[in-house]
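Trainee: Curious how this folds, go ahead:
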Amino acid sequence: MRMNDLGRTGLKVSELCLGSMTWGTQNTMEEGHAQIEMALDHGINFVDTAEMYPVNPVSTETIGDTEAIIGAWFAKAKRRSEVILATKMSGQNNSFVRFDQPITAETIVEGLEGSLKRLKTDYVDLYQLHWPNRGSYMFRQNWDFDPSGQDRNETINNIHEVLGALGKMVDAGKIRHVGLSNESAWGTAMWLRASEEGVGPRMASIQNEYSLLCRLFDTDLSELCVNEDVGLLAFSPLATGLLTGKYKRDVTPKGSRRDIGGDLGGRVTDRVWGAVAAYEDIAQKHGLNISQMALAWCRTRPFMASAIFGATSPDQLKVALGSVDVVLSDEVLAEISAAHRAHPMPY
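Mentor: Model prediction:
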């Protein structure tokens, strides 16, 4: 398992990060614990969660259950020091957490204390802001994104307020490092500027969606993150299962995320099936498992710190772990580039 720098923190994180968002809905506590142990045994040292998890579906009844599952494992296994733990604080979120309050100095204290209690730990290695208060173009909102309604001064003032509060949590030893999620290039630049001005800690990472089917990160964010040493933590690198071979236009396995969630958060479109088929053809031609090809491709990107994958079964976890042994040839990479040109942004 290759280890990568997490920004400028000095921490080394495994090239694969174990995602946990199904623990508490699609997976039991025991299954979540088994996944952690299997992942650690195969060299993963990085686990990502969020106070809003589990998903599939998100509900007020289950909010925080995933963190509690991880906390139960820490209490039982006594292996906290072996894990670089990342969690995320929710902002405005359709009233699932803290009655839809934005991220502020006050809500950071409440959010962090709740996470620490559920996780049964004194500190979080990477505390991330789940999405910006001003909104985000992620989750298919890019098609109609319009920043003209934003208040720049309000955004900058909030960044300073929040970064100052995060700095106090770092000083208290409750957070080691901080990161972003669902952010833009401009937003990330403003957080970095504030840090350079001495307002608070530096953002080490950005957790955005990234896969063969979703490559919004490839231009402005790519340039920013390479030059400023901000690592991408790619979520949905398997495109919520579209890049695993299990879904077809008219095939949906029982109990799968698509069976539960329908259009996979807007990812199921008429155009996506042609793109999926193109990548499946490349994998088949070269004797590759498509899931492993998709994860191995993430490893080739110059801004990648870690790819966050999820599994609902031991077999799925085993396949993902096997991707670290896959090296993509120049021919495969060229064919992937050609497929991307033929099927850009299929959802």
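Trainee: Please spell out which residues along stretch 269-287 are buried.
Mentor: Buried residues in stretch 269-287, counted by 16 or more other C-beta atoms under 10 Å: Val272, Trp273, Ala275, Val276, Ala278, Tyr279, Glu280, Ile282, Ala283. Backbone N, C-alpha and C define where each C-beta goes, glycine included.
Trainee: Now tabulate those in TSV and tack on distance to Trp186, pLDDT and secondary structure.
Mentor: Below are these laid out as TSV (distance: C-beta to C-beta, whole Å; pLDDT from 0 to 100; DSSP: H, G, I helix; E, B strand; the rest coil):
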residue	distance to Trp186	pLDDT	secondary structure
Val272	28	98	helix
Trp273	34	98	helix
Ala275	28	98	helix
Val276	32	98	helix
Ala278	32	98	helix
Tyr279	31	98	helix
Glu280	36	98	helix
Ile282	34	98	helix
Ala283	36	98	helix
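Trainee: Report the contact partners of Asn27.
Mentor: Gln35, Thr312 (C-beta atoms under 8 Å, 6 or more residues apart in numbering).
Trainee: Quickly note the distance from it to Thr66.
Mentor: Using C-beta to C-beta, to the nearest Å, Asn27 is found at 9 Å from Thr66.
Trainee: Asp146 now?
Mentor: Counting by C-beta to C-beta, the gap from Asp146 to Thr66 is 33 Å.
Trainee: Who has more neighbours out of those two?
Mentor: Thr66 (29 against 9; other C-beta atoms under 10 Å).
Trainee: Where do the strands of the stretch 151-300 of the chain begin and end?
Mentor: 175-181, 203-207, 231-235 (DSSP state E, counting those that start in this stretch).
Trainee: Dump those strands to TSV, plus mean pLDDT, mean neighbour count and distance to Thr244.
Mentor: As requested, those are arranged in TSV below (pLDDT from 0 to 100; neighbours: other C-beta atoms under 10 Å; distance: least, C-beta to C-beta, whole Å):
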stretch	mean pLDDT	mean neighbour count	distance to Thr244
strand 175-181	98	24	23
strand 203-207	98	27	21
strand 231-235	98	24	15
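Trainee: Nearest to Met38, out of these?
Mentor: Closest to Met38 of the strands of the stretch 151-300 of the chain is strand 231-235 (C-beta to C-beta; 20.3 Å).
Trainee: Of all residues in this structure, which one is nearest the centre?
Mentor: Phe235 (3.4 Å; C-alpha atoms, centre = their mean).
Trainee: By mean pLDDT, which helix or strand of this protein comes out lowest?
Mentor: helix 257-261 (a mean of 91; mean pLDDT, DSSP states H and E).
Trainee: who touches that helix?
Mentor: Gln26, Asn56, Pro57, Thr240, Gly241, Tyr247, Thr252, Pro253, Leu264, Val268.
Trainee: Apply the buried test to those and list what passes.
Mentor: Gln26, Asn56, Thr240, Gly241, Tyr247, Thr252, Leu264, Val268.
Trainee: what residues are up against the fourth one?
Mentor: Residues in contact with Gly241, defined by C-beta under 8 Å, 6+ apart, are Tyr247, Ser256, Arg257, Arg258, Leu264.
Trainee: Of those residues, which is the nearest to Met3?
Mentor: Arg257 (29.5 Å).
Trainee: Using PDB, list the CA coordinates for stretch 82-93.
Mentor: Output in PDB follows, covering the C-alpha atoms of stretch 82-93 (Å, rounded to 0.1, in the frame of the first residue of the first chain):
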ATOM      1  CA  GLU A  82      -3.200   2.800  14.100                       C
ATOM      2  CA  VAL A  83      -5.900   4.900  12.400                       C
ATOM      3  CA  ILE A  84      -5.800   8.300  10.800                       C
ATOM      4  CA  LEU A  85      -9.400   9.300  11.400                       C
ATOM      5  CA  ALA A  86     -11.200  11.800   9.300                       C
ATOM      6  CA  THR A  87     -14.700  13.100   9.900                       C
ATOM      7  CA  LYS A  88     -16.900  15.900   8.600                       C
ATOM      8  CA  MET A  89     -19.000  18.600  10.100                       C
ATOM      9  CA  SER A  90     -22.300  19.300   8.400                       C
ATOM     10  CA  GLY A  91     -23.500  22.800   7.500                       C
ATOM     11  CA  GLN A  92     -26.900  23.500   6.200                       C
ATOM     12  CA  ASN A  93     -28.300  20.000   5.400                       C
END
